[in-house]
Every structure is written in structure tokens, then in C-alpha cells.
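Participant: structure, please.
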Amino acid sequence: MDARLECGPCLLRQALDAAQQTDADETTRERVLRRVATEISDISLTETPMAIAERGQAIVREETGEDDPFEEQKQAANRTVEALLPALEYRLEEADDRFGRAVRLAIAGNVIDVGPGHDVDIEATIDEVLGQPFAVDRLAELRSDLEDAEDVLYLADNAGEIVLDRLLIEQLEADVEVVLKDRPFLNDATAREARSVDLHEVADLSTRGTAGVGTITDAFAERLQAADIVISKGQGNYELFSDCEANLYFLFMVKCGVVADTVGAPEGSIVVA
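Facilitator: Numbers count the residues shown, from 1 in each chain. Below is the predicted model of the structure:
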């Protein structure tokens, strides 16, 4: 998905938010602002928003010296959602359609996102998502494809959210490989966060093989094509992978107008695309 003009202010705010998570003084934050603004002014709108965000976050790391500004928030998100697990597992047990409910729970976790600047209320979001229709509904096709799938690639998104991803992965009979970020990027999950919630007990863990979150290597493109099914979580992964040739299913909550126009669903809606 190509970037649009509206992405510029969002990506600038995203970089400033990351800088504010550190101990950087006002002078350092001003340098972040000016450097990222200059970077955005030179962007090509044929790039993905993720590729541009990657460069903005690199500037934050360079100026502040902090490799993982959201480390504490990621740990807190995992703890918060893990505390909800007994209630969430009960919701699965009582469901007539366990798989469908697990998909909804996994999408509800997608609200745990510092990128679009939304406040997080995971419990309220779970209640909302469980009763909300899909704005784009390919759930039946996903269910059908999974019946014959042996190799599922699962592209993870945020910390906290990965606890709910585990509930969905536990419903799958295929071998599942969860792909995480190679290095910290906003509050996205790395192998460290995944292992802290025991995700390695239900799936193999891997990375894309590049520190660049906005980069798709040839080797990873081949891995996408080779998988029977790719389940892609989150809006950022949609922005990056929506033009790839693979059997991709995107599960996420629509959080901005640009993606809403692209996927054909209103902001705040949930999609299986």
C-alpha cells in the first residue's frame, strides 16, 4: 500500500511520541522533530507508510540513544492481557463457534497500538468486537482454507496483542510459524515479548530476517508464497504486505482514514480481508 499525504503528520507525531518515551531533553526532541520533518518532506508516495515510519524511528534511536523506547509499555501490555486470560478462555469455552470467537479476540487485541495514538481500553474493546459485524468478512474463506492447510505463517503485531494471538493459534491444527520483528519498533512484539507470554509453546518463532520493518526481502517474499496460508495481524502489516502475491488474510481494526479508503471499511471497524 502506497503512502498518502495524510500519512506525513501521523508519522511525525509517531516519532515525537517515541522520543517522549525516553529521557531525552527538549533540545533532543526538537532535533527529532526537525530531522523527521525533513525526512517526511523528501518521501516518495510510492513508498509504504511502514518504510517511512522505519526511518522516523531510526532517527529517534539515533538522537535519544534508546533502542527500545516502549519496552516498559510492552511488558505492561503483556501483563495486562495475561491477567484477562481466565475470563477470555471462558468466553471461548462458552462460544458456539470457538474459531470465530478466537478470531474476534485476536482482532480485539489489535487495539493495543501506540502507532495511531489511540487510547487503549482492551476490556471495552473486547466487548465491542465480540458483538460487532465484520466490515470486510472473509472469515468463511479463511476457515475453509485452514481445513487443508499444513503450514501457516502468522505475522504478529503488538505486544499484549500476542497473548490473544495465542488463543487463536491454539485453535489451528496446522503447524504455525509466528513471525516477529527482528528489533524493537514502537510497541511491536519481538521474540523477547513472545517468549515472555509462552508463545513459543504453541508455535515456532522466527523473524523476517531484516531489521528494517518496512522491508520485504526476496527470501521472505518466497516464504510468504510458500506458506499454505498467511495470517497477517495489524494495520501496519496490511500497509506493508497488501500488495504481495500470497494467500494472505488480514485481521485488524481499521484505525485511520487512509487504510479505511484502501480496504473499503470505515474507521473503527474490524476486518478479515
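Participant: so residue 239 touches residue 2, yeah?
Facilitator: No. Between residue 239 and residue 2 there is no contact under Cβ atoms under 8 Å: 9.1 Å. C-beta coordinates here come from the backbone N, C-alpha and C atoms, glycine included.
Participant: tell me which of those two has more neighbours.
Facilitator: residue 239 (23 against 14; other Cβ atoms under 10 Å).
Participant: and the gap between that one and residue 57?
Facilitator: 15 Å (Cβ to Cβ, to the nearest Å).
Participant: residue 167 sits in which helix or strand?
Facilitator: helix 161-169 (DSSP states H and E).
Participant: do the same with residue 124
Facilitator: Residue-wise, residue 124 maps onto helix 122-130 under DSSP H and E.
Participant: how far is the helix or strand just after that helix from where the chain is centred?
Facilitator: Next along the chain after helix 122-130, taking DSSP H and E as the criterion, comes strand 134-137. On the basis of Cα atoms, centre = their mean, to the nearest Å, strand 134-137 sits 18 Å off its chain's mean C-alpha point.
Participant: give me the buried stretch members for strand 134-137, please.
Facilitator: 134, 135 (16 or more other Cβ atoms under 10 Å).
Participant: ok, now stretch 145-163?
Facilitator: So, applying 16+ other Cβ under 10 Å, buried residues of stretch 145-163: 146, 149, 152-163.
Participant: repeat for stretch 47-60
Facilitator: Neighbour counts over stretch 47-60 (16+ other Cβ under 10 Å) mark 48-60 as buried.
Participant: and the gap between the spatially closest residue to residue 247 that is not a sequence neighbour and residue 207?
Facilitator: Excluding its sequence neighbours, the residue lying closest to residue 247 (Cβ to Cβ, 6 or more residues apart in numbering) is residue 229, at 5.3 Å. Computed as Cβ to Cβ, the residue 229 to residue 207 distance reads 19 Å.
Participant: settle it for me: which of these two has more neighbours?
Facilitator: residue 229 (21 against 15).
Participant: quick one, what contacts the more buried one?
Facilitator: 142, 145, 146, 149, 151, 152, 153, 174, 247, 249 (Cβ atoms under 8 Å, 6 or more residues apart in numbering).
Participant: mind pulling up the phi and psi values for the residue nearest to residue 247?
Facilitator: For residue 229, the backbone dihedrals (degrees, to the nearest 10) come out as phi -140, psi 140.
Participant: any idea which element the closest residue to residue 4 other than its chain neighbours lies in?
Facilitator: Leaving aside its chain neighbours, residue 4 sits nearest to residue 258 (5.1 Å; criterion: Cβ to Cβ, 6+ apart). Residue 258 belongs to helix 257-263 when assigned by DSSP H and E.
Participant: all strands of the protein, in order?
Facilitator: Remark: strands assigned in the chain by DSSP state E are 134-137, 151-155, 175-180, 204-207, 229-233, 248-253, 270-272.
Participant: show residues contacting the third one.
Facilitator: With Cβ under 8 Å, 6+ apart as the test, strand 175-180 has contacts from 150-156, 162, 165, 169, 188-191, 193-194, 199, 202-208, 227.
Participant: given it, what are its sheet partners and their directions?
Facilitator: strand 151-155 (parallel), strand 204-207 (parallel) (DSSP bridges).
Participant: got the angle between the first one and strand 229-233?
Facilitator: If I follow you right, that is strand 151-155. 20 degrees (axes from the mean of the first three to the mean of the last three Cα atoms, to 10 degrees).
Participant: can you give me the domain assignment for this protein?
Facilitator: 7-64, 71-272 (automatic domain parsing).
Participant: okay, how far is it across the last one, tip to tip?
Facilitator: The straight-line separation of the ends of domain 71-272 (Cα to Cα, to the nearest Å) is 29 Å.
Participant: alpha carbons of stretch 199-215, as CSV, please.
Facilitator: C-alpha atoms of stretch 199-215 as CSV (Å, rounded to 0.1, in the frame of the first residue of the first chain):
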residue,chain,number,x,y,z
LEU,A,199,4.0,-18.2,22.6
HIS,A,200,6.9,-20.5,21.7
GLU,A,201,5.0,-23.3,23.4
VAL,A,202,2.3,-23.3,20.7
ALA,A,203,4.2,-22.1,17.6
ASP,A,204,7.7,-21.8,16.1
LEU,A,205,9.1,-18.3,16.4
SER,A,206,11.0,-16.5,13.7
THR,A,207,11.7,-13.1,12.2
ARG,A,208,11.7,-11.6,8.7
GLY,A,209,15.5,-11.7,8.7
THR,A,210,15.9,-7.9,8.4
ALA,A,211,16.0,-5.1,11.0
GLY,A,212,14.0,-3.0,8.5
VAL,A,213,10.3,-3.2,9.4
GLY,A,214,9.4,-1.6,6.1
THR,A,215,11.5,-4.0,4.0
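Participant: cheers, nothing more for now.
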